[in-house]
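Novice: Give the three-dimensional model of this entry:
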Amino acid sequence: VGFLDRQRTLALLERFYDQSSQMLRSLLRNPRQWPLIEFEEIDLPEFWGDMDNQKHIYEDFDKVLLEMNTLLSEKHVSKTQSKLLENPEDQHKHDEQRKSAPTLNPPEEQRGTTAEQGPHRISAEEQEQGKEPSAEQELYREPETEQETLTESTLEQGSSRESIIEKGPHRVSVSERGSRTYSIIEQGPRKQSSLEQGSWRGSIAESGSRRESITEQEQRRGSTPGQGPHRVSASEYRSHRESTIEEPLQKSEQKPDGETTPEEQQVIDLTSQSRNGSISRESSKSGEVTPSEYIEERSWEQTHEEVFVSTELQAEVPTPSSRDLSETANVEVPKDKSCEPKSQTIEGKSWSGEFLTCNWKKKYVKFEDEEQAELIYGCSRFAALHSIIRNIQSYKEVKGRTAFNGVSFNLLQFVQLLETFVGEDSPLSVTEMLVSFFKGGYVETKEEKMSALEQVRQNAFQAHRELLLEALFQEWDSDGSGFLDLKEVDELLYAYKKGMEKESMKKAKLHIQFPKPHPSHEVRLSSKQFQKYIQLVVSELRGNEDQVLENVVEFLMTTLERNRTESLRNCARRKWLHRIQHAAETSGVSLEPVYTETFKALTQDAEAHGNKKISAHISLLEENLLLPDRGNVLLRNVACTLDDAPFVLNRVLYRDMKGISFTVVDEGVPIHVPQVQYHGNIFFWNHSRNENDHNGSFLALPLQDAHMRIFGVMAVDTLRDPREINIFLPHEIRFYQGVANVFSTAYHYVHSREHILHIVMTGIGWLYDYTPGITSITTYFIEPSPDQDSDYVLRKMMVTGQLGLTEIHKNPPTVLRKSCIFRDFLFKCTDSAQVVLASACGETHIVIPLRERTGKALGVLDFNIGRSRMLLYQEFKDLQKMMKVIQAACYEILGELSGETKKKYVLEIEHVGEVQRAGIIFFRIMLRELQESLQLLNSMDFVSLLLYDHKPLTEPNYPQDSMSLELEANIKLVQDILRGVILFFHPELEFSGDFKNWDKCKFHVNRYLVKSICAFDPTASHVVVNLQLIDEYIRDHSRTEVWKFGNIVIEHLYHWIHICSALMHLKKKLNSAIIPPLPSKSDNYMYAKMPGESSQGK
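Specialist: Next up is the predicted model:
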């Protein structure tokens, strides 16, 4: 049917994940965590207060990373000490210290301090079994540096990369090594694998037996995997944080003989376990085992032990002896066949040389409106609408995106979800097993299949009727005004079947709320309102709904009388109107192209269809702050035609001046003055013109937003036309109304993107003080592609560096799909509207979509976290909080500007204006979520904090241990956070001596305090607090300290204090701090840093 159930898909992923081995789960992503689930599917207290590191997307990520960093740091310290001991005197002192210390066994000394750490320590008995290095080992050993281990290049670069811990100087190609692998360090007699498997492998660290248990392998150290059947990706083992190491590891340093890093040990463990699994799957005599039988007959532990076994081991290769290997080492290595030129054919077809990674979606992913358009083209009943439908399809904003609905996946989204789950480090066999598992596990009942088919039919019919009704609306609205008169629509509808269905059609008006009547007493229907009305009318008529709709559309289409001239004029005007909207969508958040195309549409239509020479200007309403005695608002001319710029541009019209513009603003209707010289209330901007030359017509049209509120005036006149009398005809006035309507839509489209950028910058400012692991954040917006062959492009709007400074581009660079071969994860994210985790050039990227209200992506945020495999769990959770709030703010902004939702004013500061309000929404939504989450907490969670009211009794001269110091720090953290909260509601306590006495201060922590927190507006005019004193209590407590403390209430209150503080700082800097930081006309780019973030602790 074209889609799969989302909840069933996630349930299967959870089952696959739970039944996987521990080793495999370390490579997979947890399907119960974001980004595989949505923010809305996480409970608020868990989302804002859960600090369980086990819920990371990678199991035990923080623990493994901490152990790895500790081992690397200790090794670096030991190497630094060895360099300092090169001095003979220092060496003598060091020898004396070593004599006093217990001696290590020789094998332990060779392995160094690193091998003694952690759970992988080698016992003395195992070391005694070790043999001296063989000739092959000495031949293939090469000094290896830690830097090579830590910063291996990735597979995405397409270049040959070394193994993470490769010892040999000669790299054996994949095609040559086939199934031949051998151990570099042999600790026992070489064993030959079974002949039935047709391949020979030496064990990694054989001790006289062919296999070892997984537990024994995890405890062994010192062996090094050579050219095994499968090399795990380096990005799996790059999960260290370079910032935790005091100094970079120098490439010239060599590791002691036999020493193994934690990253190497992980590779050893992975490869050891994989090689101890079965080499190939056995097939039954009757054929290949079905997936369901395969799962039932074999345990999942056995199945996942086979994950790392490469299919290349199936080829039969003669077994070389140890002597053959030593002789081969002295012989010249033959030429690598993988370096030879190969035929440029893929699956037997010649390759054009282009990397089009997402071309498969054009073949398999179908878009319903395109299919329905093709069906309409083949129907002769609607031949008159074919040209209009073609224009609608060609004028479609952005093609190629799929909407995320949270209920089902299409093919593109399903593939992306599985890619996110499997990750880049898992071998191909894991993907094959997952596919086999889904084939046997995804089962639908007959009722579910029928329901899915019915849903597909409904979706197809919905797309079909939307196309027909939109084309009918445009055919009817021949002047491009953007609306139809309800009275005119009813007159034609009631004539259907000679009036026999008139009474049934009237019932449809009971189920629809029409817009308010226009001041001229007419009810105007927009395109969406017209479609909804016709569908309600059809639902009241008898018969099959699909057929009835087509009959009604055919009747209305044939009833309309349109001559050839009107049709051509309609086509030209539609093209000009589309260019205005297209200019907004491709402007890079700038209104200048919108103004340009608007005036082009006006002048071209006047010349082509009115034979006039016109002038035009656009004026927008502003609050009158400088001269309020001349009126509360003013009209500022923000754009005009080129010839009038010296006289009109940036001029201001006040209410006490001549003119009809304020009458248009107050009444909301166009005003046409046929002859301005006889009107007497027209203001002329060009004072150099003689009064005798004031001949012409003047038309003023209101600019209205989606809520029908006036925000400006568009004026057109014919004063430059040489003819003495040249009035505007009715069809011209209707078209100019359409121009004003489309300009309003384009204007708010640009401002919605501007507000979203403002919100994103505010969120980035909040996040950067909490997540030092993020290297950079790049913000992209989607725009229609200028090429017909491509669907859309990305515009790089701004880039935030590691210091939190954001570079904003005036002319954002364009990113094409064809030129983005190795960063196609950006387009994967926008295609599917899902989160993508990927790596490029050795760096890990978390690419998160910004979604429209329809579920389609409007942009992406690319988080670069450097060479780390993933962020720590605390940073990962804070990233989720930031993105959830940004997405909620985007939905709110887009809903308000489109008219779908009404504006919400929660905080007092939000009434200051539209531009400033956009920068406040982020903190307001975060504050409300925290307040709702606090209300859901148990009262005992707050009472438990009062237990932190005493310090342990210790003798004055007795040194404190680490536990007592930690307890003392926790007590100080709890008391300081609670004192900071209390000061918001009892600022008078700062002058009281009892405030520092915790036994008296803690009585303010009660149920009334929680109620006050949940209803608090930090921007209210009556709120006066000492922010400096509050900051003194919380500035010494870092984000990491609060996270490690692990109390859900303290976590909530910590965020609450910082958000309230940030909002109060914004209120003080209202006029300068929260204006959208967009470049001016003369700038190519600018740098900006949003306020409020510096008040937060790091």
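Novice: from here on, contacts and neighbour counts on C-alpha atoms
Specialist: Noted.
Novice: Now the lengthiest helix in the chain: average pLDDT?
Specialist: Assignment by DSSP state H gives helix 730-768 as the longest helix of the chain. Average pLDDT, helix 730-768: 93.
Novice: now do stretch 485-503
Specialist: Across stretch 485-503, pLDDT averages out at 89.
Novice: re earlier: would you mind pulling up the elements that the longest helix of the chain packs against?
Specialist: Applying 3 or more CA pairs under 8 Å, 6 or more residues apart in numbering; DSSP states H and E, one finds that helix 730-768 contacts helix 564-585, helix 592-609, strand 698-704, helix 873-898, helix 914-935.
Novice: Mind checking these for the one nearest to R32?
Specialist: Judged by CA to CA, the one of the helices and strands packed on helix 730-768 that comes nearest to R32 is helix 873-898, at 14.1 Å.
Novice: Report the buried residues of the closest one.
Specialist: 873-898 (16 or more other CA atoms under 10 Å).
Novice: any chance you could map the strands in the stretch 601-750 of the chain?
Specialist: Ranges of strands in the stretch 601-750 of the chain, per DSSP state E, counting those that start in this stretch, are 615-623, 633-640, 652-653, 671-673, 698-704, 710-717.
Novice: List the buried residues of the first one.
Specialist: Going by neighbour count (16+ other CA under 10 Å), the buried part of strand 615-623 is S615, A616, H617, I618, S619, L620, L621.
Novice: Max pairwise distance over the residues you listed: which two?
Specialist: The widest separation within those (CA to CA) is 20.4 Å, between S615 and L621.
Novice: where's L794 relative to E852, distance?
Specialist: 16 Å (CA to CA, to the nearest Å).
Novice: of those two, who's got more company?
Specialist: L794 (24 against 18; other CA atoms under 10 Å).
Novice: Give me the angle between whichever strand or helix holds that one and helix 730-768.
Specialist: Under the criterion of DSSP states H and E, L794 resides in strand 792-800. If you take axes from the mean of the first three to the mean of the last three CA atoms, to 10 degrees, strand 792-800 sits at 40 degrees to helix 730-768.
Novice: what's strand 792-800 packed up against?
Specialist: Secondary elements touching strand 792-800 (3+ CA pairs under 8 Å, 6+ apart): strand 776-784, strand 806-809, strand 814-815.
Novice: Which parts of the second one count as buried, going by neighbours?
Specialist: Read that as strand 806-809. Using 16+ other CA under 10 Å as the test for burial, strand 806-809 gives T806, E807, I808, H809.
Novice: what do you get for stretch 1003-1022?
Specialist: Under 16+ other CA under 10 Å, the buried positions of stretch 1003-1022 are V1005, V1010, I1013, C1014, F1016, D1017, P1018, T1019.
Novice: TSV for these, including pLDDT?
Specialist: Shown next, in TSV, are those (pLDDT from 0 to 100):
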residue	pLDDT
V1005	86
V1010	89
I1013	93
C1014	92
F1016	94
D1017	94
P1018	93
T1019	92
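Novice: Which ones among the residues you listed lie within helices?
Specialist: Using DSSP H, the subset of these located in helices is V1010, I1013, C1014.
Novice: Out of these, which comes closest to T565?
Specialist: Comparing those against T565 with CA to CA picks out C1014 as the nearest, at 64.6 Å.
Novice: In space, what's closest to D656 - neighbours in sequence excluded?
Specialist: R630 (6.2 Å; CA to CA, 6 or more residues apart in numbering).
Novice: try G406
Specialist: In this structure, G406 finds its nearest non-sequential neighbour in R6, 7.0 Å apart by CA to CA, 6+ apart.
Novice: Now do the contacts for that neighbour.
Specialist: Shown in contact with R6 (CA atoms under 8 Å, 6 or more residues apart in numbering): G406, V407, S408, F409.
Novice: Just the buried residues of those residues.
Specialist: Listed as buried from the contacts of R6 are S408, F409; burial here means 16+ other CA under 10 Å.
Novice: pLDDT added to the contacts of R6, as CSV?
Specialist: Shown next, in CSV, are the contacts of R6 (pLDDT from 0 to 100):
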residue, pLDDT
G406, 90
V407, 91
S408, 91
F409, 91
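Novice: among the contacts of R6, which are in strands?
Specialist: S408, F409 (DSSP state E).
Novice: Please produce CSV containing the contacts of R6, extended by distance to K507.
Specialist: CSV is the format used below for the contacts of R6 (distance: CA to CA, whole Å):
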residue, distance to K507
G406, 35
V407, 34
S408, 35
F409, 38
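Novice: So which of the contacts of R6 is the closest to L1053?
Specialist: Distances from L1053 to those, taken by CA to CA, are shortest for G406, at 31.7 Å.
Novice: measure that closest one to T854 for me?
Specialist: 11 Å.
Novice: ditto for E908
Specialist: 30 Å.
Novice: swap in S387?
Specialist: Counting by CA to CA - S387 and T854 are separated by 27 Å.
Novice: Low-confidence stretches in this structure?
Specialist: Applying pLDDT under 70 to the chain picks out residues 81, 83-366, 519-520, 788-789, 949-960, 1070-1098.
Novice: isn't Y494 right next to K502, touching?
Specialist: Yes. When contacts are counted by CA atoms under 8 Å, Y494 is listed as touching K502 (5.0 Å).
Novice: Show me the common contact partners of these two, please.
Specialist: By CA under 8 Å, 6+ apart, no residue touches both Y494 and K502.
Novice: Go ahead and name everything in contact with the helix or strand encompassing E374.
Specialist: Using DSSP H and E, E374 maps to helix 368-377. Applying CA under 8 Å, 6+ apart, the external contacts of helix 368-377 come out as F382, A383, H386, I389, R390, Q393, N459, A460, A463, H464, L467.
Novice: Downstream of that helix, the next helix or strand is which one?
Specialist: helix 386-394.
Novice: Just list what that next one packs against, helices and strands only.
Specialist: helix 368-377, helix 446-476.
Novice: Next, the angle helix 564-585 makes with the last one.
Specialist: Comparing the axes of helix 446-476 and helix 564-585 via the same axes, to 10 degrees yields an angle of 120 degrees.
Novice: mind listing what's buried in helix 446-476?
Specialist: Using 16+ other CA under 10 Å as the test for burial, helix 446-476 gives 452, 456, 460-461, 463-476.
Novice: what's the burial count for the nearest residue to A452 once chain neighbours are set aside?
Specialist: Leaving aside its chain neighbours, A452 sits nearest to V1 (6.8 Å; criterion: CA to CA, 6+ apart). For V1, the count of nearby residues is 12 (other CA under 10 Å).
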